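A.B. asks: pasting a predicted model and its sequence here:
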Amino acid sequence: MIMGIINVTPDSFFPGSRVLATADALARGLEQFDAGCDIVDIGGESTRPGATPVDEDEEIRRVVPVVEALSAFGPVSIDTQKVGVARAAIAAGATVLNDVSAEMVEVAGELGVGYVGMHRQGDSTVMQVDPHYDDVVGEIATFLEAVAQRAARAGVERLWLDPGIGFGKTVLHNLTLLAQVDRFVSLADEYDAGILIGTSRKSFLRHLGHEQLDVDQRLEGSIATQAWALLQGVSMVRVHDATAAVQLRELLVRPVEEVVA
């Protein structure tokens, strides 16, 4: 599955994902559905390192009109860490709760929507100050298993676990998580869940070229890491560049006989 990104914010880290007017966000979402995205993720508060928190009422004001308008055309998820925003967006039509805090699984169960629970080390204000793990894969696997167990008790029927690339991790931590992402896939399988990976345009990709890559130079790294994740069995990737990601998926899943026919 491909999850497209729309940020109804002025400060998300990738300028290409920012839209402020509801009409513009709706147009962007329709473009993503037309490109082949399975779901579009709406966020009204940046969770990038160092981001300034947004008041709940302001976040609701930003996202609810977009969710309401776009959900008439396809599945929409709400990207939030606030219960009030989650409830308002789900009432407006969102069918998945994408939760970077991994603290609202019971809300998803209560409201009967899908749930993405993500790992992070600290909130946006501190998570990249000095991230440390003794065993980054093992510790995050333990955390995500606890989320899966809570989801089962809460009655969540559609679950994705997200190891949180870039959220309280160094470049080496991120690459280690990607190298061993099959371990998370196996864990998710035990709980009839999926793994979601979000590498799109993120800062760890800036270090993978011969030069420091600005955010607008990270498409190739995004696609490469998405291809790796999908080939390892990841069930959903969260992307800024919908057309490129959908083309990638088609190349990976179409039978060779169709490609060369």
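C.D. replies: Structure received. Numbering: from 1, shown residues only.

A.B. asks: for whichever helix or strand residue 84 is part of, give me every contacting residue.
C.D. replies: The secondary structure element spanning residue 84 is helix 83-92 (assigned by DSSP states H and E). The contact list for helix 83-92, computed with CB atoms under 8 Å, 6 or more residues apart in numbering, reads 42, 44, 56, 59-60, 63-64, 67-68, 71, 78, 80, 97, 99, 104, 107, 111, 113. The C-beta positions use only the backbone N, C-alpha and C, and glycine is treated the same way.

A.B. asks: check those for burial and list the buried ones.
C.D. replies: Among these, the ones that count as buried by 16 or more other CB atoms under 10 Å are 42, 44, 56, 59-60, 63-64, 67-68, 71, 78, 80, 97, 99, 104, 107, 111, 113.

A.B. asks: ok, residue 231 to residue 121 distance?
C.D. replies: Shown here: residue 231 relative to residue 121, a distance of 27 Å by CB to CB, to the nearest Å.

A.B. asks: and residue 97, what element?
C.D. replies: Applying DSSP H and E, one finds residue 97 within strand 96-99.

A.B. asks: which elements pack onto the very next helix or strand once past that strand?
C.D. replies: Stepping forward along the backbone from strand 96-99, the first helix or strand reached (DSSP H and E) is helix 105-111. With contacts taken as 3 or more CB pairs under 8 Å, 6 or more residues apart in numbering; DSSP states H and E, helix 105-111 sits against helix 83-92, strand 96-99, strand 114-118, helix 136-154.

A.B. asks: run the chain-centre distance for helix 105-111.
C.D. replies: The gap between where helix 105-111 is centred and where its chain is centred comes out at 18 Å by CA atoms, centre = their mean, to the nearest Å.

A.B. asks: so which bits of it are buried?
C.D. replies: Buried residues in helix 105-111, defined by neighbour count with 16+ other CB under 10 Å: 105-109, 111.

A.B. asks: same check on stretch 244-257?
C.D. replies: Residues of stretch 244-257 classed as buried by neighbour count (16+ other CB under 10 Å): 244-246, 248-249.

A.B. asks: which members of these are positioned in helices?
C.D. replies: Secondary structure defined by DSSP state H assigns 244-246, 248-249 of those to helices.

A.B. asks: assign residue 177 to helix, strand or coil.
C.D. replies: Reduced to three states with DSSP: H, G, I helix; E, B strand; the rest coil, the structure at residue 177 is helix.
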